[in-house]
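Trainee: The sequence and its predicted three-dimensional model are supplied below.
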Amino acid sequence: MTARPLPKFTDDVLLSVQHLSTEFRTDDGVVPAVDDVTFDIRRGEVFAVVGESGSGKSVTAMSILGLVPSPPGQITGGQIMWKGHDLVQASPAEMRAIRGKEIAMIFQDPMSALNPVHTIGEQIGEVTRIHEGLRKGAARTRAIDVLSMVGIPQPERRVDDYPHEFSGGMRQRAMIAMAIACEPDLLIADEPTTALDVTVQAQVLDVLLEIKDRINSAIMLITHDLGVVAGTADRVMVMYAGTSVEFGTVDELFYHSRHPYTLGLLASLPRLDDDSRTRLVPIPGQPPSLLRRPPGCPFHPRCAYAQTPSPCATDAPVMRLVDHLDHRSSCHFAEQLVARPEHSR
Amino acid sequence: MRDAIDPRLEDAEGSPFPEQTDPTQRVEQNRDLAFEGGAFGLGETLIAAPSGAAMRTDVWRRFRRNKLAMLGLAVIVLLVLAALFAPLIARYDPYQLSSELRKPPSSEHWFGTDTVGRDLFARLVYGARVSLSVGISAALIATVVGVIMGALAGFYGGWIDAVIMRVTDILLAFPYIVLAIAIISVIGRGQSTVILVLGLLGWLAIARVLRSSFLQIKQMEYIEAARATGASNMRIMFRHMLPNAIQPVIVYSTLFVGAAVLSEAALSFLGIGIQEPTPAWGLMVNQGRKFLTSAPHLLIFPGAAIFLMVLAFLFVGDGLRDALDPKLK
Amino acid sequence: MSAETTVGAAPSAASGPEANAPILRAEHLVKEFAIRGGSMMRTVNKVQAVSDVSFDLARGETLGVVGESGCGKSTTGRMLLDLLHPTSGTVSFEGSPIAELSGRDLRRVRQRLQIVFQDPYSSLNPRMTVAATLSEPLRVHGQWNSDGPERIAALLDLVGLSPEHARRYPHEFSGGQRQRVGIARAIALEPSVVVLDEPVSALDVSIQAGIVNLLSELQERLGLSYVFIAHDLSVVRHIADRVAVMYLGKIVEIGSRDEVYGSPSHPYTQALLSAVPVPDPGKERTRRRIVLEGDVPSPIDPPSGCRFRTRCPKAEAICADEEPALIDRGTGHPTACHFAEVEVVL
């Protein structure tokens, strides 16, 4: 029954992504899945990447880890600086050494991310064997340790169970355990709780935050759920149609947003604590196909603030500082945007 | 908890347990593949089951790009033309005997002559008719019977499914040659017997393929929706399930033509298929093998013809499968 | 120990004139599923997905049915339409039990009860145009005639699509648009009751609002009554008049929207409400959160007595021995807990 702690801000930058662009070549054309995205992640923080489908948030994560499927996909620009090295230039062997040991990933669906024919202990042990060369006995002990860290009861028994013997929430915890087995510095969690029931989601998010503190790592949380972001994130980046549109602390984003998309999203959400029955305010239209992105600002066809004549339809807006220490937005009118009454609750 | 439930959970009428098929997961995963935009550039269109209009042009486009498949198609077209226009192409009557026995290829007889002096080229070209008609007819019979059986088994489930599946299991367990020989010795030899035998053995696999398609589609919400609007079982089976389930069957049937041709060749080779004097490639191979060293052309040409035709159908079948299922790119 | 629960509609909730006669009534619904195994698909075990569920739906009202996975809400929804036959219990429409009807009467009732499904990507036949999908209910019930195309155009207009969309195939539409087609299909026969099974869960967040608004609008314009099944409590708060909370096949609490959200009395409801994250960082930081232990148990072998007791912070001996009935325990609305107590969590 603990309240969540205040967001923390440090200067210890672990990951610095600069102007990252990733493309996919498909039969129908080139898809700019990630277009000129810049952000950084610092030790100890929860960095949330929020967006709807097609926003490019998952592809960004895959790009960091070099997991973009390479015949159709390719990183076409930018740098991913990790502890002084550019991961874009890293060799496959170097990436393999980093994956699992320094940067680990937690996937959305534990059922398909875990191998059904190996026990949980074996799968966790595999990570330690690869990166730390632990032998069987030591690997097993480590597996039991991390299983208990993520709150799985009777870990010394469950370490020999198979994935299908775990329930959904337990499986997700097991996946977290696998990810932290070598105490990575960065955990990338791609929609870790989307497939879980809400009561289990609360548990898993608690585990993630606790783990982060214990091993002093950072979390890159990819999600579409603004409630989860509000409850766990320190800093947030909002993505739309492959680009980042807003970037700032969680309070800046929720209370002082400077981008129409973010404002629109917040206004369209039904609130659990809202007992009025005012009509929801949807964002008109739908997210664009990445094959046919609108010219200029990708959001302009749906934007309540877009004006003509204006640069909205012709010039792609540049992400720039609009507020405070590091609140950035890519709207042409970001400076003039003050949240209208219907957007604040 | 949803994972604790055995996938084969259904009620007395065979309706599946709705709670466990949670599409949110499926949808979430699919949405990350939002790269193939629909014709109107709309949102999260994903690589869903291809639908009517767009499907045919897309499929053809993908098929065209597969060089082997196009080659196979060209060969098939060539063979079909050859079979249709056999009288125009062949200079000789395939049944006409002559005194020029086992002559090698020459300007007179392009592929040489066989053991009783018949022009080999003519026999090959007319033999294409036999092979094609046997292959295609057998495939048709197998497909019709297989689709009906598979649809009944897949749609109704329960004891119908159990019975049909056990029958297919039992029949599939026999080596088909043995079954073929058994049936033919009862019915008698000849082209129609061969077609019948091949067709009746081929429906087994097609039924299984269609049944599994049906089982998959049965879970789809649009089938439930059709039920909710009051559609009858027949309507659901033919209007909703069959058009969506037929794709793998198309692929399999195409491959089956090639297999049937091969089987016919084998049966004719064994002497229980097509009978003399009808020109049939399998028969020709049978004759030719005795003269491997002295008159190899007797074996090479019909053998190559069989090989080419079967390969062509295999390539086309593979190409169709890749073209129909975009996820296999 | 039966859960006697003829829960009448709260008088303030119904917007229609006859607030007293429920348009739909579910009584003691039970649904069992068999687990089949072995080569001949023998029944190996049984699962009771829905165990004794009863409620009323008043004319013009929206009843929200919420719960997590496996609670039986989708199964209940399908039983209301007879898409699944109840193992026992009755569903009555305008007073007449559906199971006893046959022939023409049954068809007439079938028209008045419709459903909207969750997944916009699999609820439309990919090989049928929108026009074909929308005309099918009319054809099946013999209502398709020369003004059919006009009716379809009108339907499309009602749900916010344009008539020229009728010629297109589902894959040419976005998720939100497909869901609109699904809604149009459901109202094509002019039903009185529409069961909505997670109608917005599979849609992008910014699209959900539009669909929820559409549903509210249609309810007003066409006088529909909704059974709104969802796991997203925020959405349900927005659209429901009354809410039933389900857990492992049973209703644990049922009441008006304000009662359930504002003064929940069942520990599960309280935990559920406190677990839902709210898009408000300040609030999230200071909120009181009740975190439950463990996962939802399997319905194959539910806990004895109160099914929630294995995760309940208040569980005591009596909870294992005696199943609590769904009755008003002094909190103003029925709750199935021996220790029901109102706690404001929001």
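Mentor: Arrived safely.

Trainee: surely C:K250 meets C:A49?
Mentor: No - counting by CB atoms under 8 Å, C:A49 is not a contact partner of C:K250; they are 10.8 Å apart. Heads up, the C-betas are built off the backbone N, CA and C, glycines and all.

Trainee: Give me the more crowded residue out of these two.
Mentor: Taking other CB atoms under 10 Å in any protein chain shown, C:K250 and C:A49 do not tie; C:A49 has more neighbours (29 against 24).

Trainee: From C:I98, how far off is that one?
Mentor: 19 Å (CB to CB, to the nearest Å).

Trainee: C:L189 too?
Mentor: Taken as CB to CB, the span from C:L189 to C:I98 is 16 Å.

Trainee: C:A275: how many residues sit nearby?
Mentor: So C:A275, with other CB under 10 Å, has 22 neighbours.

Trainee: can you list residues touching both of C:K250 and C:A49?
Mentor: C:G72 (CB atoms under 8 Å, 6 or more residues apart in numbering or on different chains).

Trainee: center of chain B, which residue is that?
Mentor: B:S253 (2.0 Å; CA atoms, centre = their mean).

Trainee: Could you check which helix or strand contains that residue?
Mentor: helix B:242-270 (DSSP states H and E).

Trainee: For that helix, enumerate the helices and strands it packs against.
Mentor: helix B:120-156, helix B:176-187, helix B:191-218, helix B:281-289, helix B:297-324 (3 or more CB pairs under 8 Å, 6 or more residues apart in numbering or on different chains; DSSP states H and E).

Trainee: and of those helices, who's closest to C:F93?
Mentor: Closest approach to C:F93 among the helices and strands packed on helix B:242-270 is made by helix B:191-218 (27.2 Å; CB to CB).

Trainee: The following helix or strand past the closest one to helix B:120-156, inter-axis angle?
Mentor: The first helix or strand that comes after helix B:191-218 along the chain, using DSSP H and E, is helix B:221-228. Counting by axes from the mean of the first three to the mean of the last three CA atoms, to 10 degrees, helix B:221-228 lies at 60 degrees to helix B:120-156.

Trainee: which outside residues touch helix B:221-228?
Mentor: Residues contacting helix B:221-228 (CB under 8 Å, 6+ apart): B:23, B:217, B:235-236, B:239-241, C:78, C:81, C:83, C:114-115, C:117-119, C:122-126, C:136, C:182, C:185.

Trainee: For the stretch 51-200 of chain A, which segments are assigned as strands?
Mentor: A:73-82, A:85-86, A:103-106, A:186-190 (DSSP state E, counting those that start in this stretch).

Trainee: what helix or strand does C:S216 sit in?
Mentor: Going by DSSP H and E, C:S216 is in helix C:205-222.

Trainee: which helices and strands does that helix pack with?
Mentor: Checked by 3+ CB pairs under 8 Å, 6+ apart, helix C:205-222 has helix A:260-268, helix C:175-187, strand C:225-230, helix C:233-239 packed alongside it.

Trainee: quick one: buried residues of it?
Mentor: For helix C:205-222, burial by neighbour count (16 or more other CB atoms under 10 Å in any protein chain shown) applies to C:205-216, C:218-219.

Trainee: Include distance to A:D109 and pLDDT when you put the residues you listed into JSON lines, please.
Mentor: Shown next, in JSON lines, are the buried residues of helix C:205-222 (distance: CB to CB, whole Å; pLDDT from 0 to 100):
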{"residue": "C:V205", "distance to A:D109": "20", "pLDDT": "86"}
{"residue": "C:S206", "distance to A:D109": "24", "pLDDT": "86"}
{"residue": "C:I207", "distance to A:D109": "22", "pLDDT": "89"}
{"residue": "C:Q208", "distance to A:D109": "22", "pLDDT": "92"}
{"residue": "C:A209", "distance to A:D109": "27", "pLDDT": "91"}
{"residue": "C:G210", "distance to A:D109": "28", "pLDDT": "92"}
{"residue": "C:I211", "distance to A:D109": "25", "pLDDT": "94"}
{"residue": "C:V212", "distance to A:D109": "27", "pLDDT": "94"}
{"residue": "C:N213", "distance to A:D109": "31", "pLDDT": "93"}
{"residue": "C:L214", "distance to A:D109": "30", "pLDDT": "94"}
{"residue": "C:L215", "distance to A:D109": "29", "pLDDT": "95"}
{"residue": "C:S216", "distance to A:D109": "33", "pLDDT": "93"}
{"residue": "C:L218", "distance to A:D109": "34", "pLDDT": "95"}
{"residue": "C:Q219", "distance to A:D109": "35", "pLDDT": "95"}
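
Trainee: Make TSV out of those and add distance to B:Y95.
Mentor: Converted to TSV, those look like this (distance: CB to CB, whole Å):
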residue	distance to B:Y95
C:V205	76
C:S206	76
C:I207	72
C:Q208	75
C:A209	79
C:G210	75
C:I211	73
C:V212	78
C:N213	79
C:L214	75
C:L215	76
C:S216	81
C:L218	76
C:Q219	80
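
Trainee: need the contact list for residue 302.
Mentor: By default, I'm working from chain A. Listed by CB under 8 Å, 6+ apart, the contact partners of A:R302 are A:G264, A:I283, A:P284, A:G285.

Trainee: other chain: chain B
Mentor: B:P302 touches B:L120, B:L124, B:G127, B:W281, B:G282, B:M284, B:V285, B:G288, counting by CB under 8 Å, 6+ apart.

Trainee: Next, give me the two most distant ones among the residues you listed.
Mentor: B:L120 and B:G282 (14.6 Å).

Trainee: Done for today, thanks.
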